[in-house]
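Chemist: coords please:
(one chain, ligands or ions: 1)
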Amino acid sequence: MTAKIIDGKAFAAGVREKVAGHVARLINDHGITPGLAVVLVGEDPASQVYVRSKGKATIETGMKSVEHKLDPETSQADLLALIDDLNNDETIHGILVQLPLPAHLDEDLVINSISPAKDVDGFHISNVGLLGTGQKSMVPCTPLGCLMMLRDHHGSLSGLDAVVIGRSNIVGKPMAQLLLGDSCTVTIAHSRTKDLPEVARRADIVVAAVGRPEMVPGDWIKPGATVIDVGINRVDAPEKGEGKTKLVGDVHFESASAVAGAITPVPGGVGPMTIACLLANTVTACSRANGLDEPEGLTA
Ligand code: GUN
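Modeler: From the prediction side, this is the model:
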(Lines give C-alpha, C1' and ligand atoms only; values in the text may rest on other atoms or scores of the structure.)
Protein backbone atom coordinates (compact mmCIF):
# COMPACT_ATOMS: atom_id res chain seq x y z
CA MET A 1 0.00 0.00 0.00
CA THR A 2 1.17 3.51 -0.72
CA ALA A 3 -0.24 6.11 1.62
CA LYS A 4 -2.26 9.11 0.58
CA ILE A 5 -0.18 12.19 1.37
CA ILE A 6 -2.13 14.66 3.50
CA ASP A 7 -1.09 18.02 2.07
CA GLY A 8 -0.88 20.32 5.08
CA LYS A 9 0.24 23.26 2.99
CA ALA A 10 -2.89 23.13 0.81
CA PHE A 11 -5.09 22.45 3.84
CA ALA A 12 -3.57 25.43 5.68
CA ALA A 13 -4.21 27.65 2.66
CA GLY A 14 -7.89 26.64 2.85
CA VAL A 15 -8.02 27.45 6.58
CA ARG A 16 -6.43 30.86 5.96
CA GLU A 17 -8.97 31.57 3.24
CA LYS A 18 -11.81 30.74 5.65
CA VAL A 19 -10.21 32.98 8.29
CA ALA A 20 -9.87 35.82 5.77
CA GLY A 21 -13.56 35.45 4.83
CA HIS A 22 -14.59 35.66 8.46
CA VAL A 23 -12.29 38.65 9.06
CA ALA A 24 -13.87 40.44 6.10
CA ARG A 25 -17.36 39.83 7.56
CA LEU A 26 -16.27 41.10 11.00
CA ILE A 27 -14.88 44.27 9.42
CA ASN A 28 -17.67 44.92 6.89
CA ASP A 29 -20.72 43.88 8.95
CA HIS A 30 -19.60 44.82 12.44
CA GLY A 31 -16.76 47.33 12.08
CA ILE A 32 -14.47 45.08 14.14
CA THR A 33 -10.91 44.27 13.04
CA PRO A 34 -9.48 41.23 14.88
CA GLY A 35 -6.07 42.01 16.40
CA LEU A 36 -3.22 39.69 17.38
CA ALA A 37 -0.32 40.78 19.59
CA VAL A 38 2.87 38.73 19.62
CA VAL A 39 5.43 39.29 22.35
CA LEU A 40 9.03 38.24 21.83
CA VAL A 41 11.57 38.56 24.62
CA GLY A 42 15.19 38.32 23.47
CA GLU A 43 16.84 37.58 20.18
CA ASP A 44 16.59 33.83 19.61
CA PRO A 45 16.94 33.54 15.81
CA ALA A 46 14.37 30.73 15.39
CA SER A 47 11.83 32.68 17.47
CA GLN A 48 12.47 35.80 15.39
CA VAL A 49 11.68 33.84 12.22
CA TYR A 50 8.46 32.43 13.76
CA VAL A 51 7.33 35.86 14.94
CA ARG A 52 7.98 37.43 11.54
CA SER A 53 5.99 34.75 9.71
CA LYS A 54 3.14 35.00 12.23
CA GLY A 55 2.96 38.79 11.69
CA LYS A 56 2.99 38.44 7.92
CA ALA A 57 0.28 35.76 7.94
CA THR A 58 -1.89 37.83 10.29
CA ILE A 59 -1.77 40.87 8.00
CA GLU A 60 -2.47 38.70 4.91
CA THR A 61 -5.84 37.66 6.39
CA GLY A 62 -6.82 41.30 6.98
CA MET A 63 -6.24 41.32 10.74
CA LYS A 64 -4.28 43.81 12.80
CA SER A 65 -0.83 42.57 13.84
CA VAL A 66 1.16 44.05 16.70
CA GLU A 67 4.66 42.92 17.63
CA HIS A 68 6.38 43.73 20.91
CA LYS A 69 10.08 42.94 20.78
CA LEU A 70 11.57 43.21 24.22
CA ASP A 71 15.13 43.32 25.44
CA PRO A 72 16.50 39.92 26.62
CA GLU A 73 17.02 41.48 30.09
CA THR A 74 13.36 42.56 30.41
CA SER A 75 12.16 42.12 33.99
CA GLN A 76 9.24 39.95 34.91
CA ALA A 77 7.39 43.02 36.24
CA ASP A 78 7.77 44.86 32.93
CA LEU A 79 6.60 41.83 30.93
CA LEU A 80 3.58 41.37 33.20
CA ALA A 81 2.78 45.08 32.86
CA LEU A 82 2.81 44.77 29.05
CA ILE A 83 0.52 41.72 29.19
CA ASP A 84 -1.82 43.63 31.50
CA ASP A 85 -1.97 46.47 28.96
CA LEU A 86 -2.74 44.00 26.15
CA ASN A 87 -5.39 42.26 28.30
CA ASN A 88 -7.12 45.63 28.64
CA ASP A 89 -6.68 46.72 25.01
CA GLU A 90 -10.01 46.31 23.19
CA THR A 91 -8.34 46.29 19.78
CA ILE A 92 -6.35 43.17 20.73
CA HIS A 93 -8.22 39.84 20.71
CA GLY A 94 -5.31 37.43 20.80
CA ILE A 95 -2.04 37.52 22.76
CA LEU A 96 0.86 35.16 22.13
CA VAL A 97 4.05 35.22 24.17
CA GLN A 98 6.70 33.44 22.14
CA LEU A 99 8.35 30.56 23.99
CA PRO A 100 10.91 29.73 25.22
CA LEU A 101 11.38 32.75 27.46
CA PRO A 102 14.81 33.71 28.85
CA ALA A 103 15.64 31.66 31.97
CA HIS A 104 15.10 34.52 34.47
CA LEU A 105 11.38 34.70 33.57
CA ASP A 106 8.74 32.38 35.06
CA GLU A 107 7.04 30.89 31.99
CA ASP A 108 4.00 29.51 33.85
CA LEU A 109 3.38 32.78 35.67
CA VAL A 110 3.68 34.77 32.43
CA ILE A 111 1.35 32.47 30.45
CA ASN A 112 -1.20 32.45 33.26
CA SER A 113 -1.24 36.25 33.35
CA ILE A 114 -2.73 36.36 29.83
CA SER A 115 -6.50 36.77 29.82
CA PRO A 116 -7.81 33.21 29.07
CA ALA A 117 -10.18 34.66 26.44
CA LYS A 118 -7.18 36.13 24.57
CA ASP A 119 -4.91 33.11 25.07
CA VAL A 120 -4.72 32.06 21.42
CA ASP A 121 -2.03 29.48 22.26
CA GLY A 122 -4.44 27.69 24.61
CA PHE A 123 -1.68 27.33 27.21
CA HIS A 124 -3.40 29.15 30.12
CA ILE A 125 -4.29 26.79 32.95
CA SER A 126 -7.99 27.74 32.58
CA ASN A 127 -8.01 26.72 28.93
CA VAL A 128 -6.19 23.48 29.77
CA GLY A 129 -8.90 22.71 32.35
CA LEU A 130 -11.77 23.68 30.02
CA LEU A 131 -10.40 21.44 27.26
CA GLY A 132 -9.90 18.57 29.72
CA THR A 133 -13.51 18.82 30.88
CA GLY A 134 -14.93 19.11 27.36
CA GLN A 135 -15.92 22.77 27.67
CA LYS A 136 -15.47 25.59 25.19
CA SER A 137 -11.85 26.75 25.36
CA MET A 138 -8.98 28.13 23.33
CA VAL A 139 -7.27 25.05 21.86
CA PRO A 140 -3.48 24.80 21.27
CA CYS A 141 -2.73 25.45 17.60
CA THR A 142 -0.73 22.37 16.60
CA PRO A 143 -3.15 19.76 17.99
CA LEU A 144 -6.08 21.75 16.57
CA GLY A 145 -4.45 21.59 13.13
CA CYS A 146 -3.92 17.84 13.48
CA LEU A 147 -7.57 17.37 14.50
CA MET A 148 -8.80 19.34 11.48
CA MET A 149 -6.77 17.17 9.09
CA LEU A 150 -7.92 13.95 10.79
CA ARG A 151 -11.59 15.00 10.65
CA ASP A 152 -11.20 15.93 7.00
CA HIS A 153 -9.62 12.58 6.14
CA HIS A 154 -11.86 10.29 8.24
CA GLY A 155 -15.12 12.19 8.54
CA SER A 156 -16.03 10.74 11.95
CA LEU A 157 -13.24 9.67 14.33
CA SER A 158 -15.70 7.91 16.65
CA GLY A 159 -14.49 4.56 17.96
CA LEU A 160 -11.08 4.70 16.30
CA ASP A 161 -7.99 3.62 18.25
CA ALA A 162 -5.59 6.58 18.52
CA VAL A 163 -2.07 6.45 19.91
CA VAL A 164 -0.37 9.74 20.69
CA ILE A 165 3.38 9.33 21.11
CA GLY A 166 4.62 12.16 23.32
CA ARG A 167 3.14 13.71 26.47
CA SER A 168 4.04 17.40 26.17
CA ASN A 169 1.67 20.09 27.41
CA ILE A 170 1.83 21.80 24.01
CA VAL A 171 1.01 18.83 21.77
CA GLY A 172 0.67 15.34 23.30
CA LYS A 173 -1.74 16.01 26.16
CA PRO A 174 -4.10 18.42 24.34
CA MET A 175 -4.04 16.16 21.26
CA ALA A 176 -5.19 13.26 23.42
CA GLN A 177 -7.99 15.38 24.91
CA LEU A 178 -9.19 16.42 21.46
CA LEU A 179 -9.20 12.84 20.16
CA LEU A 180 -11.09 11.75 23.27
CA GLY A 181 -13.56 14.56 22.62
CA ASP A 182 -14.15 13.05 19.18
CA SER A 183 -14.77 9.63 20.80
CA CYS A 184 -11.49 7.91 19.92
CA THR A 185 -10.04 5.29 22.27
CA VAL A 186 -6.87 7.13 23.22
CA THR A 187 -3.49 5.92 24.45
CA ILE A 188 -0.74 8.38 25.36
CA ALA A 189 2.61 6.65 24.88
CA HIS A 190 6.00 8.05 25.84
CA SER A 191 9.64 7.20 26.44
CA ARG A 192 8.81 4.82 29.32
CA THR A 193 5.99 2.99 27.54
CA LYS A 194 6.51 -0.79 27.54
CA ASP A 195 6.66 -2.29 24.06
CA LEU A 196 5.96 0.94 22.21
CA PRO A 197 6.05 -0.75 18.75
CA GLU A 198 3.25 -3.12 19.80
CA VAL A 199 1.19 -0.25 21.26
CA ALA A 200 1.62 1.80 18.07
CA ARG A 201 0.68 -1.16 15.87
CA ARG A 202 -2.80 -1.27 17.46
CA ALA A 203 -3.60 2.25 16.30
CA ASP A 204 -5.93 3.41 13.54
CA ILE A 205 -4.40 6.86 14.13
CA VAL A 206 -0.80 7.51 15.19
CA VAL A 207 0.22 11.03 16.19
CA ALA A 208 3.98 11.27 16.65
CA ALA A 209 5.12 14.25 18.75
CA VAL A 210 8.34 13.29 20.48
CA GLY A 211 10.99 15.41 18.79
CA ARG A 212 13.21 12.46 17.84
CA PRO A 213 14.17 12.24 14.18
CA GLU A 214 12.58 9.31 12.30
CA MET A 215 11.91 7.38 15.51
CA VAL A 216 8.74 5.71 14.24
CA PRO A 217 9.47 3.17 11.48
CA GLY A 218 6.98 1.60 9.09
CA ASP A 219 6.81 -1.68 11.00
CA TRP A 220 5.24 0.15 13.97
CA ILE A 221 2.29 1.13 11.75
CA LYS A 222 -0.85 -0.93 11.20
CA PRO A 223 -1.55 -1.31 7.48
CA GLY A 224 -3.97 1.43 6.42
CA ALA A 225 -3.52 3.55 9.57
CA THR A 226 -3.39 7.35 9.46
CA VAL A 227 -0.07 8.83 10.56
CA ILE A 228 0.24 12.45 11.72
CA ASP A 229 3.87 13.50 12.09
CA VAL A 230 4.28 16.55 14.35
CA GLY A 231 8.08 16.37 14.52
CA ILE A 232 10.27 18.95 12.80
CA ASN A 233 13.90 17.90 13.25
CA ARG A 234 16.89 19.34 11.43
CA VAL A 235 19.47 16.65 10.68
CA ASP A 236 22.69 16.40 8.69
CA ALA A 237 22.20 15.49 5.03
CA PRO A 238 25.64 14.52 3.68
CA GLU A 239 23.92 13.11 0.58
CA LYS A 240 23.06 16.74 -0.36
CA GLY A 241 26.67 17.87 0.03
CA GLU A 242 29.09 18.73 2.79
CA GLY A 243 27.59 20.66 5.70
CA LYS A 244 24.05 20.40 4.27
CA THR A 245 21.03 19.70 6.47
CA LYS A 246 17.40 18.71 5.93
CA LEU A 247 14.15 18.57 7.88
CA VAL A 248 12.72 15.21 8.92
CA GLY A 249 9.78 14.26 11.11
CA ASP A 250 9.47 11.89 14.05
CA VAL A 251 8.29 9.25 11.56
CA HIS A 252 10.51 7.42 9.10
CA PHE A 253 8.54 8.64 6.08
CA GLU A 254 9.76 6.20 3.46
CA SER A 255 8.96 3.02 5.37
CA ALA A 256 5.81 4.39 7.06
CA SER A 257 4.27 5.68 3.83
CA ALA A 258 4.60 2.18 2.35
CA VAL A 259 2.28 0.83 5.08
CA ALA A 260 0.01 3.68 6.18
CA GLY A 261 -3.30 4.59 4.58
CA ALA A 262 -2.55 8.30 4.90
CA ILE A 263 0.40 10.30 6.22
CA THR A 264 1.50 13.90 6.70
CA PRO A 265 4.92 14.74 5.21
CA VAL A 266 7.68 16.84 6.81
CA PRO A 267 7.96 19.57 5.72
CA GLY A 268 4.53 20.46 4.35
CA GLY A 269 2.31 18.54 6.79
CA VAL A 270 1.46 19.71 10.30
CA GLY A 271 3.87 22.70 10.22
CA PRO A 272 1.83 25.03 7.98
CA MET A 273 -1.31 24.20 9.98
CA THR A 274 0.08 25.66 13.21
CA ILE A 275 0.12 29.28 12.03
CA ALA A 276 -3.18 28.79 10.18
CA CYS A 277 -4.74 27.65 13.47
CA LEU A 278 -3.24 30.61 15.33
CA LEU A 279 -5.11 32.85 12.87
CA ALA A 280 -8.25 30.72 13.32
CA ASN A 281 -7.98 31.05 17.12
CA THR A 282 -7.60 34.83 16.85
CA VAL A 283 -10.77 35.17 14.78
CA THR A 284 -12.56 32.79 17.18
CA ALA A 285 -11.43 34.86 20.19
CA CYS A 286 -12.57 38.06 18.48
CA SER A 287 -15.98 36.58 17.63
CA ARG A 288 -16.51 35.34 21.19
CA ALA A 289 -15.37 38.66 22.70
CA ASN A 290 -18.07 40.41 20.66
CA GLY A 291 -20.83 37.85 21.26
CA LEU A 292 -20.89 36.86 17.58
CA ASP A 293 -21.14 33.45 15.89
CA GLU A 294 -17.89 31.54 15.81
CA PRO A 295 -16.35 30.78 12.42
CA GLU A 296 -17.58 27.39 11.27
CA GLY A 297 -14.99 24.62 10.91
CA LEU A 298 -12.23 26.60 12.58
CA THR A 299 -12.70 25.45 16.18
CA ALA A 300 -12.63 22.09 17.97
N1 GUN B 1 7.48 28.49 20.34
C2 GUN B 1 7.46 27.48 19.45
N3 GUN B 1 6.19 27.15 19.14
C4 GUN B 1 5.40 27.97 19.85
C5 GUN B 1 3.99 28.13 19.94
O6 GUN B 1 3.19 27.41 19.33
N7 GUN B 1 3.55 29.10 20.77
C8 GUN B 1 4.41 29.88 21.49
N9 GUN B 1 3.88 30.81 22.29
N10 GUN B 1 5.72 29.77 21.43
C11 GUN B 1 6.20 28.81 20.60
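Chemist: most centrally placed residue in the chain?
Modeler: T142 (1.4 Å; CA atoms, centre = their mean).
Chemist: near the ligand, which residues of the chain show up?
Modeler: Proximity of the chain to the ligand (CB under 6 Å from any ligand atom) is limited to residues 96-99, 121, 141. Heads up, the C-betas are built off the backbone N, CA and C, glycines and all.
Chemist: ok, so of these, who is nearest L105?
Modeler: V97 (9.4 Å; CB to CB).
Chemist: okay but that closest one is in contact with S113, surely?
Modeler: No: using CB atoms under 8 Å, V97 is not in contact with S113, being 9.1 Å away.
Chemist: Please enumerate the shared neighbours of these two.
Modeler: I83 (CB atoms under 8 Å, 6 or more residues apart in numbering).
Chemist: Report the buried residues of stretch 289-300.
Modeler: 289, 294-295, 298-300 (16 or more other CB atoms under 10 Å).
Chemist: The residue in the chain that the ligand sits nearest to: neighbour count?
Modeler: Of all residues in the chain, the one sitting closest to the ligand is L99 (3.7 Å; CB to the nearest ligand atom). By the measure other CB atoms under 10 Å, the count of residues near L99 is 16.
Chemist: Surely it forms part of a helix?
Modeler: No: the assignment for L99, made by DSSP: H, G, I helix; E, B strand; the rest coil, is coil rather than a helix.
Chemist: from what I can see it touches V110, true?
Modeler: No: L99 is beyond contact range of V110, at 9.1 Å (criterion: CB under 8 Å).
Chemist: what two of the residues of the chain next to the ligand have the greatest distance between them?
Modeler: V97 and C141 (13.7 Å).
Chemist: Show me the common contact partners of the two, please.
Modeler: Common neighbours of V97 and C141 (CB under 8 Å, 6+ apart) are D121.
Chemist: show me the contacts for the residue of the chain closest to the ligand.
Modeler: Contacts of L99 (CB under 8 Å, 6+ apart): E107.
Chemist: do L40 as well
Modeler: 47-48, 51, 67-70, 98.
Chemist: Of those, just the buried ones, PyMOL syntax please.
Modeler: Selecting only the buried entries of the contacts of L40 in PyMOL, with 16+ other CB under 10 Å as the criterion:
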select buried, resi 47+51+68+70+98
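Chemist: Let's see which of the contacts of L40 end up in helices.
Modeler: Residues from the contacts of L40 lying in helices, with DSSP state H as the criterion: 47-48, 51.
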